[in-house]
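Novice: Give me the fold of what follows.
(one chain, ligands or ions: 2)
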Amino acid sequence: MSLRQQLRRELQQRRAALSKAQQQQAAAQVCHRAMAFIAEQQPQPDQYCGTYHSLGGELDTSLLIDALWQQHMPTALPVLHPLNPGQLLFQHYDPEVPMTKNRYGIAEPALHCGRIIPLSRVRFLFMPLVGFDATGQRLGMGGGYYDRTLAHWQRGDYPDLIPIGLAHDCQRVDNIPAEHWDIPLPHIITPSKHWIFC
Ligand SMILES: Nc1nc2c(c(=O)[nH]1)N(C=O)[C@@H](CNc1ccc(C(=O)N[C@@H](CCC(=O)O)C(=O)O)cc1)CN2
Ligand SMILES: Nc1ncnc2c1ncn2[C@@H]1O[C@H](COP(=O)(O)OP(=O)(O)OP(=O)(O)O)[C@@H](O)[C@H]1O
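Specialist: Numbering: from 1, shown residues only. Ligands and ions are numbered 1, 2, ... in the order given. Presented below is the predicted three-dimensional model:
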């Protein structure tokens, strides 16, 4: 097993050991910090917030999604690209949108071309992570999906986009062995802190 895979396992176990009450408290604190950051940035009313549907011990985004909807912030979720393996599409998400499960068992909006939201319309992109380090380097589930999305952002294709990792405090480690494709996140929000790396 590679060092990254070993670290992924260890951090997933750490996250899974959190109690339901700890998970709920963490989700509420992160939601509060994230909404405060959004308000501070003063997005345009038509700018989207990309988020994710939590899986396993990932920082639960259901409170955040409710808060975004309450604030009438247009919201999008990732959809695995049906033609380009490893790429994500982002699709409009509201309570009426028909949902399906992707190959990993994660709920995603059923593919609908008219509801695809280009990243140029997304202001905040909240992303899950398994681990992060002192420089904002991120370790994900190992599919490279968000790495590819971040590569477009780093090239400057989406100047308004702010990528933000969401995590539990126990997901922080001193150093993630980075690969050449890894792109550090400019923001990571945990229950105890908003980390800024830019
Ligand atoms: N909630 C959530 N949604 C997300 C992601 C995520 O990490 N979390 N993704 C972020 O990219 C994308 C899906 N990526 C995923 C990549 C791998 C696995 C997975 O289950 N992997 C296997 C190990 C595979 C292997 O060994 O190579 C596993 O963990 O058991 C799941 C999702 C898009 N949506
Ligand atoms: N920009 C990219 N272009 C093409 N392939 C990439 C890119 N970024 C990562 N990959 C590929 O994706 C695979 C998985 O990468 P990695 O282990 O870093 O995923 P991850 O960051 O843990 O997962 P995710 O981003 O989906 O949460 C690697 O084999 C890598 O070659």
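Novice: Any idea what the spatially most central residue of the chain is bridged to?
Specialist: Centroid-nearest residue in the chain, with Cα atoms, centre = their mean: Met127, separated by 0.9 Å. Counting by DSSP bridges, Met127 is bridged to Gly165.
Novice: what does Lys101 give?
Specialist: Ala107.
Novice: Give me the pLDDT value at it.
Specialist: Each residue has a pLDDT score; the one for Lys101 is 97.
Novice: pretty sure it is touching Glu108, no?
Specialist: Yes - using Cβ atoms under 8 Å, Lys101 makes contact with Glu108 at a distance of 7.4 Å. (Each C-beta comes from the backbone N, C-alpha and C, glycine too.)
Novice: of those two, who's got more company?
Specialist: Higher neighbour count among Lys101 and Glu108: Glu108, with 21 against 10, using other Cβ atoms under 10 Å.
Novice: Double-check that one against Pro82; I have them as touching.
Specialist: No - counting by Cβ under 8 Å, Pro82 is not a contact partner of Glu108; they are 11.2 Å apart.
Novice: Quick check, Thr190 in contact with His168.
Specialist: Yes - assessed by Cβ under 8 Å, Thr190 is found in contact with His168 at 6.4 Å.
Novice: quick one, longest helix in this protein?
Specialist: Longest helix of the chain, by residue count under DSSP state H: helix 20-41.
Novice: what's next to the helix or strand just after it, contact-wise?
Specialist: As assigned by DSSP states H and E, the chain's next helix or strand after helix 20-41 is strand 48-50. With contact meaning Cβ atoms under 8 Å, 6 or more residues apart in numbering, strand 48-50 is reached by 38, 43, 68, 73-78, 90, 92, 117, 119, 121-127.
Novice: So in that sheet, which strands flank strand 48-50, and in what orientation?
Specialist: Applying DSSP bridges, strand 48-50 is found paired with strand 75-80 (parallel), strand 122-128 (parallel).
Novice: all strands for the chain, in order.
Specialist: 48-50, 75-80, 88-93, 99-101, 107-109, 122-128, 131-132, 138-139, 162-166, 187-189, 194-196 (DSSP state E).
Novice: State the mean pLDDT of the last one.
Specialist: Average pLDDT, strand 194-196: 98.
Novice: for the fifth one, same thing?
Specialist: The pLDDT scores in strand 107-109 average 97.
Novice: again, but for the longest one
Specialist: The predicted model gives strand 122-128 an average pLDDT of 98.
Novice: Quick one: distance of it to the chain centre.
Specialist: Here strand 122-128 shows a centroid-to-chain-centroid distance of 6 Å under the convention Cα atoms, centre = their mean, to the nearest Å.
Novice: Give me the contact list for it.
Specialist: 34, 37-38, 41, 43-44, 47-52, 54-55, 58-59, 61, 64, 76, 90, 119, 138, 140-141, 146, 149, 153, 158, 160-166, 185.
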